[in-house]
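# What follows is a predicted structure for the sequence shown.
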Amino acid sequence: GESVGLHLPTLSVQEGDNSIINCAYSNSASDYFIWYKQESGKGPQFIIDIRSNMDKRQGQRVTVLLNKTVKHLSLQIAATQPGDSAVYFCADIKTSGSRLTFGEGTQLTVNP
Amino acid sequence: EAQVTQNPRYLITVTGKKLTVTCSQNMNHEYMSWYRQDPGLGLRQIYYSMNVEVTDKGDVPEGYKVSRKEKRNFPLILESPSPNQTSLYFCATGWLAGYNEQFFGPGTRLTVL
């Protein structure tokens, strides 16, 4: 069936290192992808998005890479800080509408 | 300030007692949606609405009802709650035109005994 999933449920990094969080999707009709960050006790918060006609997009300290050939996207966080500790979700929207499908999430822990 | 509000934030209730969780937004968004979040299952969509009086089922609609009588409000109704509806619920809103992010509310933690 259709799904959006992450490779690892947890990721632990040292403060100052770069983090890479991966996500795989199965539906070729997916054409818009979003990364959300969810801090403890809060709702998901938008980080960055990318459309399927792009393979890379950069924001402030974050980069999303999209590989449509293998249906894979990744979120790279540069110089990870303690405030980056959170659960990160990838989500996709299919061509047919506005419905988001979320992956299960990766818990990122930043060690001082 | 642009925001999505949910009430109540926490609720403990008993099986079979009807309840409503409210969601309100002040951003004039057409699209509103309800999700539930459970450990190991991520966020799953319950219902969504493309505009006033237009609602549709998401991935897990059983046991829930919604209504969209006004653009700003999208209440989630549990007519006869059961323990398997114990979960963390999020309301989200967004623009319909093109592809856009969705803005999430702070969540409602519901426990059904």
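Everything's here; your move. Numbers count the residues shown, from 1 in each chain, chains lettered A, B, ... in the order given.
# Show me the shaky parts of chain B.
B:97-99 (pLDDT under 70).
# The residue nearest to B:Tyr31 when sequence neighbours are not counted: neighbour count?
Of all residues not flanking B:Tyr31 in the chain, B:Gly94 sits nearest, at 4.6 Å (C-beta to C-beta, 6 or more residues apart in numbering or on different chains). C-betas here are computed from N, CA, C, even on glycine. Residues contacting B:Gly94 under the criterion other C-beta atoms under 10 Å in any protein chain shown number 22.
# which residues does B:Gly94 contact?
B:Gly94 sits next to A:Ser98, B:His29, B:Tyr31, B:Ser33, B:Asn100, B:Glu101, B:Gln102, B:Phe103 when contact means C-beta atoms under 8 Å, 6 or more residues apart in numbering or on different chains.
# Confirm A:Lys42 sits in a helix?
No - applying DSSP: H, G, I helix; E, B strand; the rest coil, one finds A:Lys42 to be coil, outside a helix.
# Quickly note the distance from it to B:Phe104.
Counting by C-beta to C-beta, to the nearest Å, the gap from A:Lys42 to B:Phe104 is 8 Å.
# and these two? which has more neighbours close in?
Per other C-beta under 10 Å, whichever of A:Lys42 and B:Phe104 has more neighbours is B:Phe104, with 23 against 14.
# pLDDT score assigned to the residue of chain A found nearest chain B?
When distances are taken as C-beta to the nearest C-beta, chain A reaches nearest to chain B at A:Gly43, 3.4 Å away. A:Gly43 is assigned a pLDDT of 93 by the prediction.
# Please apply the same query to the one 5 residues further on.
At A:Ile48 the predicted local distance difference test score is 95.
# pLDDT below threshold where in chain A?
For chain A, the stretches with pLDDT under 70 are A:1-7, A:95-98.
# Tell me the residues on it that lie near chain B, please.
Counting by C-beta under 8 Å from any C-beta of the partner chain, chain A comes close to chain B at A:31-32, A:34, A:36, A:41-46, A:49, A:51, A:89, A:91, A:93, A:98-105.
# centroid residue for chain B?
B:Trp34 (2.9 Å; C-alpha atoms, centre = their mean).
# circling back to that earlier point, in strands, which of the residues of chain A next to chain B appear?
Residues of the residues of chain A next to chain B located in strands (DSSP state E): A:31-32, A:34, A:36, A:45-46, A:49, A:51, A:89, A:91, A:93, A:100-102.
# Can you turn the buried part of those residues into a ChimeraX selection?
Buried residues within these, by 16 or more other C-beta atoms under 10 Å in any protein chain shown, are selected in ChimeraX with:
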select /A:31,32,34,36,46,49,89,91,93,100,101,102
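# could you dump the ones in strands among the residues of chain A next to chain B to CSV with distance to B:Thr55?
Output for these, formatted as CSV (distance: C-beta to C-beta, whole Å):
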residue, distance to B:Thr55
A:Asp31, 24
A:Tyr32, 22
A:Ile34, 23
A:Tyr36, 23
A:Gln45, 25
A:Phe46, 24
A:Asp49, 25
A:Arg51, 27
A:Phe89, 24
A:Ala91, 21
A:Ile93, 18
A:Leu100, 16
A:Thr101, 19
A:Phe102, 20
